[in-house]
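Q: Just to be clear, the model below is a prediction. Sequence and coordinates:
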Amino acid sequence: MQYPNSPDLFLKRVFAVGAVAAVLILLWNWRPGPSAPEPAQVRTVAARGDLAADEKSTIELFEKSRDSVVYISTAALVRNVWTRDVFSVPKGTGSGFIWDEAGHVVTNFHVIAGANEATVTLADGRDYKAALVGASQVHDIAVLKIGVGFKRPPPVPVGTSRDLKVGQKVFAIGNPFGLDWTLTGGIVSALDRSLGGQEGPAIEHLIQTDAAINPGNSGGPLLDSAGRLIGINTAIYSPSGASAGIGFAVPVDTVMRVVCRN
């Protein structure tokens with residue numbers, strides 16, 4: 001028998017009231033949770049259309065010229081003072097280009113200065129030991145030779161620098177900071193510049209360009225919009241050591257006189 005005022009009945013009523021109160025509190029504070037995010041819509045690729053005429057000509061210029069540009073790495077021989085052993089240590093890197101079918105490669109003198117050996121890497125990855133054929137420090141030009149038995153890279157078409165105009169487009173191909181076969185573009189900024197040499201004589205009659213030239217571009221070709229060689233990228237003016245939009249190239253007319261003399 002249960003009595004109205006029994007402790008058990010009282011506790012049951014308390015629990016029931018508490019349960020109802022808890023449910024009411026939950027209902028009061030309930031907010032709908034965030035719905036699952038809708039997946040991003042699949043976008044339709046917009047039609048590109050034809051490239052602009054100048055883009056097509058630049059792409060064609062690079063594709064035709066790339067195989068004629070080479071990567072040059074140099075090394076110096078060092079003798080161990082304790083063992084008297086002689087070993088080779090890396091010295092530097094630079095750029096160059098194929099001059100003729102005989103395997104001559106033109107680069108800057110400062111790229112190979114102080115080195116005992118040089119390796120020329122072609123665009124297809126082949127490596128060749130190079131022999132120094134001739135050099136002119138005053139013009140910052142050096143001529144190497146490699147023995148290419150097959151699949152000879154084409155020589156860079158040679159233009160002229162005597163009729164260059166300030167404002168015409170130019171393109172530089174080289175290996176800035178070791179980033180091989182890089183193309184940059186700009187214009188002829190000025191002509192007949194002189195550049196004082198830090199470790200040698202001043203270089204005269206240079207082409208100034210705003211095409212980005214950085215360490216490693218040295219010795220690479222400067223081309224006109226027809227893909228013809230008009231100079232050799234040789235130096236930059238930059239307090240930071242990186243491209244500041246002021247680069248210099250040895251004119252191709254100077255290159256012709258020096259290389260053919262060697």
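A: Noted; the coordinates are in hand.

Q: buried stuff in stretch 154-174?
A: 155-156, 158-159, 161, 164, 169-174 (16 or more other C-beta atoms under 10 Å). (Each C-beta comes from the backbone N, C-alpha and C, glycine too.)

Q: Equivalent analysis for stretch 189-202, please.
A: Applying a neighbour-count criterion of 16+ other C-beta under 10 Å, one finds 189, 193, 195 buried in stretch 189-202.

Q: List the residues that contact the second one.
A: If I follow you right, that is residue 193. By C-beta atoms under 8 Å, 6 or more residues apart in numbering, the contact set of residue 193 is 205-208, 248.

Q: with the residues you listed in mind, which one is nearest to residue 179?
A: Of all the contacts of residue 193, residue 248 has the smallest distance to residue 179: 20.4 Å, by C-beta to C-beta.

Q: For that closest one, grab the count of nearby residues.
A: Using other C-beta atoms under 10 Å, residue 248 has 24 other residues around it.

Q: Enumerate the beta-bridge partners assigned to it.
A: With DSSP bridges as the criterion, residue 248 is bridged to residue 208, residue 235.

Q: Quick check: the gap between it and residue 239.
A: Distance, residue 248 to residue 239, using C-beta to C-beta, to the nearest Å: 16 Å.

Q: so residue 131 makes contact with residue 142?
A: No. Using C-beta atoms under 8 Å, residue 131 is not in contact with residue 142, being 11.3 Å away.

Q: Report the next helix or strand after the helix or strand that contains residue 106 in sequence order.
A: Using DSSP states H and E, residue 106 maps to strand 104-107. Moving toward the C-terminus from strand 104-107, the next helix or strand (DSSP H and E) is helix 109-112.

Q: contacting residues around that next one?
A: For helix 109-112, using C-beta under 8 Å, 6+ apart, the contacting residues are 72, 74, 92, 94-96, 118, 132, 135-137, 139-142, 144, 199-200, 218-219, 234.

Q: same thing but at 10 Å, please
A: Identification of contacts with helix 109-112 by C-beta atoms under 10 Å, 6 or more residues apart in numbering yields 72-74, 91-96, 118, 130, 132, 135-144, 197-200, 203, 216, 218-220, 234-235, 250, 258.

Q: domains of this protein?
A: Following automatic domain parsing, one finds the domains of the chain at 62-145, 157-261.

Q: So, low pLDDT: which residues of the stretch 101-250 of the chain?
A: For the stretch 101-250 of the chain, the stretches with pLDDT under 70 are 197-200.

Q: where exactly do the strands run in the stretch 51-200 of the chain?
A: Remark: strands assigned in the stretch 51-200 of the chain by DSSP state E, counting those that start in this stretch are 69-79, 86-98, 104-107, 117-121, 127-136, 141-145, 169-174, 182-195.
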